[in-house]
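>>> Curious how this folds, go ahead:
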Amino acid sequence: MSEGPDYAELRRIFEAKQYVLTAHASSRAIERDIDDFEIEEAVLAGSVIEDYPDDKYSPSCLILGRTRRGRILHVHLCYPPTVKVITVYEPSPDEWESDLKTRKS
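Here you go, the predicted model:
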C-alpha cells in the first residue's frame, strides 16, 4: 500500500507547471468555468483529503483547496512522477459534509 503523495513534490510540480490536464479534466473544467490558474491555486493552497493508492490506472489522490478568490475546489490527480489532473469540481453540499473533506454516507 502506498504512503500517499509527497505533497511538497506535488507543489513543486504545480509551481513549475509540469502537470497535465487529461481530456476529461479539461472538458470538465471548461464546463464548470474553472481555469488552469484556479486549479494551480487550489493545489498549491490545498491538502490531500482522500488517497487512492489502488486507483484504476495509477495511484491518485483528491485535494481540497481554495483559490485566492475564495472558490473551493476538489482536484483529483495522479501521483508523481507524471502528474495528471483527472478531474476538478466544486464540491456539492449534497455529497460532502460541511467540512467538504468528508463524503456523506
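>>> Quick one: classify residue 61 as helix, strand or coil.
When classified by DSSP: H, G, I helix; E, B strand; the rest coil, residue 61 comes out as strand.
>>> And residue 15, how close does it get to residue 93?
Residue 15 sits 31 Å away from residue 93, going by CB to CB, to the nearest Å. Where C-beta positions appear, they are placed from N, C-alpha and C, glycine not excepted.
>>> buried set for the lowest-mean-pLDDT helix or strand in the chain?
Least confident helix or strand, the chain: helix 7-15 with a mean of 90, by mean pLDDT, DSSP states H and E. Residues of helix 7-15 classed as buried by neighbour count (16 or more other CB atoms under 10 Å): 10, 13, 14.
>>> In contact with the last one, which residues are there?
Contact criterion CB atoms under 8 Å, 6 or more residues apart in numbering gives 40, 43, 44, 83 as the residues in contact with residue 14.
>>> so where's this protein uncertain?
1-5 (pLDDT under 70).
>>> centroid residue for it?
Centroid-nearest residue in the chain: residue 75, 1.8 Å away (criterion: CA atoms, centre = their mean).
>>> Next, the contact list for it, please.
Applying CB under 8 Å, 6+ apart to residue 75 gives the contacts 39, 42, 43, 46, 62, 63, 65, 85, 87, 88.
>>> what phi and what psi does the backbone show at it?
Main-chain torsions, residue 75, degrees, to the nearest 10: phi -120, psi 120.
>>> so how far is residue 103 from it?
Residue 75 sits 16 Å away from residue 103, taking CB to CB as the criterion.
>>> same question, residue 87
As for residue 87, its distance to residue 103 is 15 Å (criterion: CB to CB).
>>> Only the buried subset of the contacts of residue 14, as a PyMOL command please.
Selecting only the buried entries of these in PyMOL, with 16+ other CB under 10 Å as the criterion:
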select buried, resi 40+43+83
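>>> Mind checking which of the contacts of residue 14 are in helices?
If you go by DSSP state H, those have 40, 43, 44 in helices.
>>> Identify, from those residues, the entry nearest to residue 50.
Taking CB to CB as the measure, residue 50 lies nearest residue 43 of the ones in helices among the contacts of residue 14, at 14.4 Å.
>>> All good on my end, thank you.
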